[in-house]
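> predicted model follows, preceded by the sequence.
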Protein chains: 2
Amino acid sequence: MFISELKKRLGTDKVTQNETELYRHSKDESPHPPVEPDVVCFPENTEDVVTIVEIADQFGVNVTPYGAGSGLEGQAIPINKGISIDFERMNKVLDFSPEDLTVTVQPGITRMQLNDLINKHGLQFPIDPGADASVGGMVANNASGTTAVKYGSMRDQLLNLEIVLANGKVIRTGTRAKKSSSGYNLTGLFTGSEGTLGIVTEITLRLHGIPEHIIAARCTFDEIETCAAAATMILQSGIPVLRMELVDAQSIATVNAYGDYDIPVAHSLFFEFAGTKGGTEEEAATAEELMRELGCNGWETAGTSKERAQLWKARHEMSYAYSHTEGVVVAGGDVCVPISKLPEMVHLARELTDASGLKSGVFGHVGDGNFHTIIAFDPNNPEERARAEQANEALARRAIEVGGSCTGEHGVGLGKRQLQQAEHGEALEIMKQMKQMLDPKNLFNPGKIFP
Amino acid sequence: MFISELKKRLGTDKVTQNETELYRHSKDESPHPPVEPDVVCFPENTEDVVTIVEIADQFGVNVTPYGAGSGLEGQAIPINKGISIDFERMNKVLDFSPEDLTVTVQPGITRMQLNDLINKHGLQFPIDPGADASVGGMVANNASGTTAVKYGSMRDQLLNLEIVLANGKVIRTGTRAKKSSSGYNLTGLFTGSEGTLGIVTEITLRLHGIPEHIIAARCTFDEIETCAAAATMILQSGIPVLRMELVDAQSIATVNAYGDYDIPVAHSLFFEFAGTKGGTEEEAATAEELMRELGCNGWETAGTSKERAQLWKARHEMSYAYSHTEGVVVAGGDVCVPISKLPEMVHLARELTDASGLKSGVFGHVGDGNFHTIIAFDPNNPEERARAEQANEALARRAIEVGGSCTGEHGVGLGKRQLQQAEHGEALEIMKQMKQMLDPKNLFNPGKIFP
């Protein structure tokens, strides 16, 4: 059968049914129920991936790509079993052109591994979803995070993708030029398609210079809506920020307890300004003035890079802080709304999460209109799970009603499928036709995106 | 037949066979031979466009959208005749949300009309292809221009499109949120598809604040390759520019003669720096230092906004300066290459255009690796046309070989079709399948993009 064929054509060292490996590939960081694949493959190059796809096609077996397992919507869970493709051996830099500000990598490299290699050249890959995700996984979900307000999301970083299609053919979607008006934009289409249209085997990214100077700052407000309104004022006044994060008081208390931090417990805005020394100082001063006019409680800047690192470490641990309790998992909301809708939406988020009666927080990348809820529940208690999911779904449906999206950066996976019709309407039919056209046997990551 | 049906269902005032109108819709600003449509329609809303598409489908007649007629690759030429849809009456702002930094417009509004309405609110739509193109046309070609080095191309401005499909259904591709990871990226796919996949009837754009301060500057070099190398140094050193344009000495002499300017005749780099006063002064000073190290001949800044306007007026008139001679048209090259390839490519461009023996120039948006050739020829002299086209095609093929694109911003239209296989390889097959899927009767803008 297909597993012996995989072993025969790939070699036994690239194919495993080891129980630990099957379990490791059954889940991600979401609360979606785990499903083990039949087998895990570790391709070392594009040809190996083509071989896997050919065998999958021949035997009618499903294929689910797996990066770092840091997804939050179950994208890497092989719900129909079959083959998990783990890209950990495809983690090489294939071409680094500092003079072009581009790098071509295999999908298994993580964002921190990549930055370790390029930062010494004064360059960075700035997209920062928190977790040390694989670059391939970030392409699959159109990841973004704290720096998107300045650099955009993953789609904005991509110049070219190499893709293995379901028919075993290999295409390239772009070039190494910064822009193009040639042909249809396949790069953007495959980005965010969560492995349902093709399997990414090579990625060309644009890189950015490391800013000369960064200033971090923090201020707090009495009400969470005032925090959100203040964030919208920063955007409307055109002050460029590298990061602008809202964190509610509950989340600060939770992360303080988890990580032994002593961040003041209040609804807070965290900022970073980046650029030349003079420019960032001007920007931070203008922002401070604006925040004080809006009645913020104090304005503190983190002078040293150590202080800054501490601040962002706490921010990144927010989700773990909620989930670290034994017997608890967290359901994450991920809405993105027009900026002016932030105050009412953040208020609604706090109401809905409070009403759930579960431990919860509200925080996120308000510079993009994107914020998260996080609700901790006992996965073995179906009634708690339902309350958590209902709160997040109510928030997402309201986000769609006010002209926003049910997912700003986590992707659809298993958790946002039931919202696709509401968000996309008639366009969902076109998406289904594209899936049918590119993957007629539904081999690639089945059950994701589509309801 | 279909024309009487159009008149019956749309009303006679929206349908014309007036000879002047047929001629006006037979061409754009490219040297491609004109073809008159059978009829021109002037829809006033989405429903009118649906009606036109339904009639086109019923009678098997082709439909070609027409914006401002400023295209450079024949995209608006109805080569199979049929119906031209002119969007001049669909030029309204449907929603302007300064607090969200978004605007929703109909496709017929031009970029200058839009800026006239929003600039007073401190906001701008910054994409500047030179001509006063319609926003719909800019979506169709993924236009960009002088400011793309800072703001990206048209695709980067788009949050949502309303599209009439060939089956008469109307879809929306996005939301008003700044980012989304929900479903497939149809917004990016339809952008740049040149009206071959669907007809855009509504466009939601993100807007940008007008920079507080702008400094323009100019320097010259003895060799054109040194100009290009200097531009790459600016990018690699991370100095943010709003605009960075290369213009060769020939083009400056031509535009001086055309517009009665007195710009120094030499291979030149034109810059704009934008931001806070302090920031831009720092950036301009750093750039000046770098250019002087590289041996530039002088560094002049344009202090007043009138001087700046004069400078960019001259830049925008470059193409007209070549084509204004009676009996001459111009063929434009539009390659985009990795930044480090600029010096060799600009050198090759000068060699190829010189070898054509025709009056020609080399200039462009070198901040993106995108630059143009312009070659003037007698359209009634097939041998001259062949020499002009051969020079541009040789340059485009070399651009593809060095990892670039045959068109950075003008689009494929009729003029870059023969290069699609070389640039896209196996991916071209997928593009054809998408066309077949979305427009099985090949009703929409036939003969464009595909060879």
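Arrived safely. Numbers count the residues shown, from 1 in each chain, chains lettered A, B, ... in the order given.

> run the contact check for stretch A:412-432 versus chain B.
Yes. Applying Cβ under 8 Å from any Cβ of the partner chain, one finds stretch A:412-432 in contact with chain B at A:412, A:416, A:419-420, A:423-431. The C-beta positions use only the backbone N, C-alpha and C, and glycine is treated the same way.

> so among those residues, which ones count as buried?
Using 16 or more other Cβ atoms under 10 Å in any protein chain shown as the burial test, the residues of stretch A:412-432 next to chain B include A:412, A:416, A:419, A:420, A:423, A:424, A:427, A:428, A:430, A:431 as buried.

> okay, and which of the residues you listed map to strands?
Among these, no member falls in strands (criterion: DSSP state E).

> let me see the contact set for the most centrally placed residue in chain A.
Closest residue to the average C-alpha location of chain A: residue A:143 at 3.5 Å, with Cα atoms, centre = their mean. By Cβ atoms under 8 Å, 6 or more residues apart in numbering or on different chains, the contact list for residue A:143 reads A:127, A:129, A:133, A:137, A:153, A:154, A:409, B:181.

> what residues are up against the first one?
Neighbouring residues of residue A:127 by Cβ under 8 Å, 6+ apart: A:111, A:138, A:143, A:144, A:145, A:147, A:148, A:151, A:153, A:154, A:157.

> quickly find the element holding it.
Using DSSP states H and E, residue A:127 sits within no helix or strand.

> cool, and the one 4 residues further on?
Assignment of secondary structure by DSSP H and E places residue A:131 within no helix or strand.

> distance check, it against residue A:143.
Distance, residue A:131 to residue A:143, using Cβ to Cβ, to the nearest Å: 9 Å.

> before we move on, back to that, please narrow the contacts of residue A:127 to those residing in helices.
Per DSSP state H, helices hold the following members of these: A:111, A:138, A:148, A:151.

> the first one: what's it in contact with?
Counting by Cβ under 8 Å, 6+ apart, residue A:111 makes contact with A:125, A:127, A:128, A:129, A:132, A:133, A:134, A:135, A:138.

> equivalent analysis for the last one, please.
If you count contacts by Cβ under 8 Å, 6+ apart, residue A:151 has them with A:126, A:127, A:157, A:208.

> out of these, which comes closest to chain B?
For those, the residue nearest chain B by Cβ to the nearest Cβ is residue A:208; the value is 8.0 Å.

> my read: the closest one touches residue A:123, true?
Yes. With contact defined as Cβ atoms under 8 Å, residue A:208 reaches residue A:123; the gap is 6.9 Å.

> between the two, what contacts are shared?
Common contacts of residue A:208 and residue A:123, defined by Cβ under 8 Å, 6+ apart, comprise residue A:101.

> out of those two, which sits in the more crowded spot?
residue A:123 (21 against 17; other Cβ atoms under 10 Å in any protein chain shown).

> okay, and the beta partners of that one?
Residues in a beta bridge with residue A:123, per DSSP bridges, are residue A:209.

> ok so, going back, now the two most distant members of the ones in helices among the contacts of residue A:127.
Farthest-apart pair in the ones in helices among the contacts of residue A:127 is A:111 and A:148; separation 13.5 Å (Cβ to Cβ).

> and the helix or strand encompassing residue A:171, which strands flank it?
Following DSSP H and E, the helix or strand that holds residue A:171 is strand A:170-172. As defined by DSSP bridges, the strand partners of strand A:170-172 come to strand A:158-164 (antiparallel).

> gap between the partner strand and the chain center?
Chain-centre distance of strand A:158-164: 18 Å, with Cα atoms, centre = their mean, to the nearest Å.

> please enumerate residues in contact with that strand?
Residues outside strand A:158-164 that contact it (Cβ under 8 Å, 6+ apart) are A:46, A:49-50, A:53, A:102, A:104, A:139, A:170-178, A:186-188, A:190-191, A:197-206.

> among those residues, name the ones in helices.
A:46, A:49, A:50, A:53, A:139, A:186, A:187, A:188, A:190.

> ok, so of those residues, who is nearest chain B?
residue A:188 (3.2 Å).

> and the closest one, what does it touch?
For residue A:188, the contact set (Cβ under 8 Å, 6+ apart) comprises A:155, A:158, B:155, B:185, B:188, B:189.

> quickly find the element holding residue A:96.
Secondary structure assignment for residue A:96, by DSSP H and E: strand A:93-97.

> hmm, I typed the wrong one, I wanted residue A:273.
strand A:267-275.

> what residues of whatever helix or strand residue A:3 lives in count as buried?
Element membership for residue A:3 (DSSP H and E) is helix A:2-10. Using 16+ other Cβ under 10 Å as the test for burial, helix A:2-10 gives A:2, A:3, A:5, A:6, A:7, A:10.

> of those residues, closest to chain B?
residue A:10 (23.3 Å).

> for chain B, what are the nearby residues on the stretch 301-450 of chain A?
A:334, A:336-341, A:368-370, A:399-400, A:403-412, A:416, A:419-420, A:423-431, A:433-434, A:437-438, A:449.

> of all the residues in the stretch 251-400 of chain A, which one is nearest chain B?
The minimum distance from the stretch 251-400 of chain A to chain B, using Cβ to the nearest Cβ, falls at residue A:279 (3.5 Å).
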